[in-house]
Each structure stands twice: as C-alpha cells, then as structure tokens.
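K.L.:
no FASTA, just this:
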Ligand SMILES: [Zn+2]
C-alpha cells in the first residue's frame with residue numbers, strides 16, 4: 001500500500017501503528033517483533049476492505065466496553081492472493097469479543113479473494129507460475 005494510504009489508516013486506527021519500540025532486546029541482540037514496521041503489505045485496492053474491517057473492530061470493542069488499544073495488529077499483508085490480518089490482544093477480553101473479531105476478520109479475508117488488490121473493483125483469484133493474485137481483468141491486462 002502506498003505511503004499516503006498507509007498513513008491515513010494508521011492515523012485513523014491506533015492499533016495499526018508501529019509499537020514505540022518494535023524490537024525485543026536481549027543484551028547486544030535485538031529482534032524485530034512488530035511487523036507493522038513494514039507498513040500495510042497489500043495493494044491499494046484493499047484500502048476500503050481494511051478501513052471497513054478496522055472500523056468494525058473498533059465498533060465491536062466499544063460495544064463490548066473495550067477501548068481501541070485492547071487490540072494490536074502484528075502484520076497486515078497479502079498472502080496467496082488474499083488478505084491476512086494478524087493481531088493479538090493486549091489485555092484479556094471476553095470469548096464473545098474474540099469470536100466476533102475473529103469472524104469479521106475471516107469475512108474480510110474471504111472478501112479479499114473477490115476484490116482486485118490493485119483498484120478495488122470486483123476481482124478474482126488466479127494462479128500463474130505458482131504466483132497467486134486477486135485482480136480484475138483490466139488490472140490483470142487480459
Ligand atoms: Zn483492478
């Protein structure tokens with residue numbers, strides 16, 4: 001995703017932002033644990049999908065009495081042509097919340113397989129030389 005869109009989403013949703021210190025340090029070694037440092041690793045066509053997903057996450061948390069910083073995204077990327085949204089909870093949350101959030105993420109990930117990653121129009125998953133991508137015909141150039 002381009003810098004402008006990434007910045008917009010990170011501005012809007014605090015749980016997408018990189019942790020203040022994204023490294024775990026042990027002596028002289030440090031290990032990167034917050035992969036949000038790489039930004040949102042998808043095409044710009046999924047901007048609305050991710051925006052809607054994050055808005056639903058915030059709404060769900062609020063409805064259940066939790067604040068937005070209850071959740072933290074670990075990595076948002078494209079894999080095998082579909083969206084992957086990895087996250088963890090910073091605090092203990094009810095089973096109900098865990099389930100609702102996991103469901104909405106699952107639904108969005110499914111939707112990504114029908115959404116062109118480049119332009120956001122209706123797309124389909126295709127494989128070429130073991131490379132999977134979800135695009136519309138126009139963006140695929142067919
Ligand atoms: Zn397209």
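P.N.:
Perfect, thanks for sending it. On a predicted model such as this, the values are computed, not experimentally measured, just so you know.

K.L.:
residue 96 and residue 64 touch, don't they?
P.N.:
Yes. At 6.6 Å, residue 96 and residue 64 qualify as touching, with contact defined as CB atoms under 8 Å. Using the backbone N, CA and C atoms, a C-beta is placed for each residue, glycine as well.

K.L.:
neighbour-wise, which of these two wins?
P.N.:
residue 64 (14 against 11; other CB atoms under 10 Å).

K.L.:
so how far is the ion from the more buried one?
P.N.:
According to CB to the ion, to the nearest Å, residue 64 stands 36 Å off from the ion.

K.L.:
tell me how many other residues surround residue 31.
P.N.:
Residue 31, neighbours per other CB under 10 Å, totals 9.

K.L.:
beta-bridge partners for it, please?
P.N.:
Note on residue 31: beta-bridge partners by DSSP bridges are residue 24.

K.L.:
correct me if wrong: it contacts residue 24.
P.N.:
Yes. If you go by CB under 8 Å, residue 31 and residue 24 touch, sitting 4.9 Å apart.
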